Each structure stands twice: as C-alpha cells, then as structure tokens.
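**Q** One predicted model, sequence on top.
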Amino acid sequence: MGTFVLNRSNMYRYCKFLFLLYVCYVFLVAKPTFAGDRVCLADSLFEQRNRNFNTQTLIAGPEIVTQAIELYKQAVDSCVDDEKRLEALWKCLRAYYFKGTYTTLELSQKRDIYIDGIQYGERFADLYSESVEYNCWMGILWGYRGEVTGYLTAAREGIAGEVKSCAEKTIKLDSLYLDGGGYRMLGYLHFMVPKIPFVLSWPSKEKALRLLEKAYAIAPNNLLNKLYLAEVYLEMKHEENGKNLLMEIINTEHIVHDIAVDENTKKIARELLTKYNVNHEER
C-alpha cells in the first residue's frame, strides 16, 4: 500500500472531501433543526394572533398570522422528517383557518384565503391521507369555504362532499380529536347543507342532532360544540335546550379557545337568540 503524500493535489482532494462531509451534515442534521426552528418561531407568532384584536369589529390583524403561515411553509419545505413536516403542515392549515375566519369581514377575501389553504394542503394529500390532523384541518377549510360560497352552491360544486369525506375520515382515525371535531364538522354539515334531488340525498337534520350530541358529550365546554348543537335544537323546536346552551356561551366569563373565537361565538349566539325569537337576559 502506497504512502499518502500531502501535496497540493492531495490537499485539494482532502479539502473537497471535508466539504462534502460538511454538506452531508448540513443536509442530514442542520436542515431538520432549521425546520424545527421555523416551527417554533411560527408557533410563537401564532400565539400572538389576537394581539391587534379589535373589540368593535371582533377582527384580528392579519399580519402576524400571515407571517406565521410563511414560516410554517418554510418549515414544511425544508423538513426531511415526515412527522415534523406533518406538524408544520397542519399548523399551517390551522393558521389559514384563523386568518380566513377572524382577520377579515370581506367574503371574497375569506374565500381566497380558504382556497389558498386548501390548494396548499392538497399538495400533501398522498403523504398524509391517514393523518387525523391533516384530514380535520382540511375539512375545516373546505367547510368554511363552503360557508362563504353558499351551502347550495357548495353542494352542487362538490365542496360538501369534500367536507363529508374529511369529517368521516377524522372520526375513523380519532373521534376525540379537536374536541370531537369530526362529529362537529359532519353534524353541522348535515344541518346546513340542503338535500338536492338526484344530486345530494344524504343530508339529515336527525343525523345532525345525533352527531352534534356526540361532539358535545366528548367536550361539553367547547363553545362551538355548544353553538352548533344549540342551533339544531332551536331549528327542531327544542327551544329550552337551545336557549340554555346559548346562554351558557354568552355568560362564559373566562377565555375558552381564544378571544377571537370566543367573542365571535358569543356574537353568533346572540344573533341566534334573536333569529329564533327566544327571550333571554344576560348576566
């Protein structure tokens, strides 16, 4: 075996070898760290999503959530670990939901935000089709897109079918996830989407009631579980049950979810009491 001579040529090869080792290190070790750092930073921003919350309009500023979304995307794109990528992805979808629902009153802006979130999420459908987090947050985005589109149009355009599929998959994977989120999503879908002869035959108010009662049984303190169930009760003439749930929402003094979700839920609860002509008196 020959003796290794550290001449200029060998020095060049040796340096090149060390450089390649460094590149491998960056790719295999530093890159996941980079992604993890981005997720942590995005989390810290998302925690501040209500920092500029307007108590008059009940709307939060979009800037912080937009920054969080971009950081989550960077983490998704840079992560080589499936589990870490999934965490960044579902948190990104959650941020899209918050941005569309609680940072603007314009329906066109809401629709565009939900569509952006859905289109981004669909890129990973094959990778995470068996993830409860992925299915639940995609279903939520589809559901809110349907709401701003109009439920009749949503039914005709297949949006209702997308929500139904995601909700059923969520229930199958983990019926307890997000306080019974699959039951809540599927139940409210059955309640809101109209039957259309030869197009959509499955919506059922009776199924809506059963599903939303399941969600409520899982998490009775969740304000959205209370809100959706109360609306079904009122529609089905169970006035006292519906009124009691709405009054519980309105009179809740502590923060349950966050200020934007809680205050908007209370606003809707008051509107439902007025819509169904239910007498009430707040504490």
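**A** Thanks, I have it. Residues are numbered from 1 along each chain as shown.
**Q** which regions of the stretch 1-150 of the chain lie under the pLDDT threshold?
**A** Under the criterion pLDDT under 70, the flagged ranges of the stretch 1-150 of the chain are 1-36.
**Q** Mind jotting down where the helices sit in it?
**A** Counting by DSSP state H, counting those that start in this stretch, the stretch 1-150 of the chain has helices at residues 8-25, 31-46, 63-78, 82-102, 107-122, 132-149.
**Q** can those helices go into a markdown table with extra columns for mean neighbour count and distance to Leu212?
**A** C-beta: built from backbone N, CA, C; applies to glycine. Shown next, in a markdown table, are these (neighbours: other C-beta atoms under 10 Å; distance: least, C-beta to C-beta, whole Å):
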| stretch | mean neighbour count | distance to Leu212 |
| --- | --- | --- |
| helix 8-25 | 10 | 52 |
| helix 31-46 | 17 | 28 |
| helix 63-78 | 20 | 28 |
| helix 82-102 | 21 | 19 |
| helix 107-122 | 17 | 22 |
| helix 132-149 | 24 | 14 |
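**Q** Tabulate the ones you listed (TSV), appending distance to Ala155.
**A** Formatted as TSV, the helices of the stretch 1-150 of the chain follow (distance: least, C-beta to C-beta, whole Å):
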stretch	distance to Ala155
helix 8-25	52
helix 31-46	32
helix 63-78	29
helix 82-102	20
helix 107-122	16
helix 132-149	8
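**Q** quick one: which of those helices is nearest Ile259?
**A** The minimum distance between Ile259 and those falls on helix 82-102, with 9.5 Å, by C-beta to C-beta.
**Q** Need phi/psi at Asp174.
**A** Main-chain torsions, Asp174, degrees, to the nearest 10: phi -170, psi 100.
**Q** For Asp258, which of the helices of the stretch 1-150 of the chain is the nearest?
**A** Closest among the helices of the stretch 1-150 of the chain, using C-beta to C-beta: helix 82-102, at 8.7 Å.
**Q** quick check: angle from the closest one to helix 63-78?
**A** 160 degrees (axes from the mean of the first three to the mean of the last three C-alpha atoms, to 10 degrees).
**Q** ok, now which ones touch Lys164?
**A** Taking C-beta atoms under 8 Å, 6 or more residues apart in numbering, we find Lys164 in contact with Leu186, Leu189, Trp202.
**Q** ok, 7 Å please
**A** Leu186, Leu189 (C-beta atoms under 7 Å, 6 or more residues apart in numbering).
**Q** after the helix or strand hosting it, next one along is what?
**A** If you go by DSSP states H and E, Lys164 is part of helix 159-173. Next along the chain after helix 159-173, taking DSSP H and E as the criterion, comes helix 177-192.
**Q** before we move on, back to that, what's the closest of the helices of the stretch 1-150 of the chain to Ile250?
**A** Closest among these, using C-beta to C-beta: helix 82-102, at 18.8 Å.
**Q** Need the contact partners of the closest one.
**A** 32, 35-36, 39, 42, 46, 49, 59-60, 62, 65-66, 68-69, 72-73, 75-76, 79, 110, 113-114, 116-117, 121, 124, 128, 131, 133-134, 137-138, 140-141, 144, 260, 264.
**Q** can you check stretch 60-74 too?
**A** 38-39, 41-42, 45-46, 48-53, 88, 91-92, 95-96, 98-99, 102-104, 260.
**Q** now it, how far from the chain's geometric center?
**A** Between the centre of stretch 60-74 and the centre of its chain there are 14 Å (C-alpha atoms, centre = their mean, to the nearest Å).
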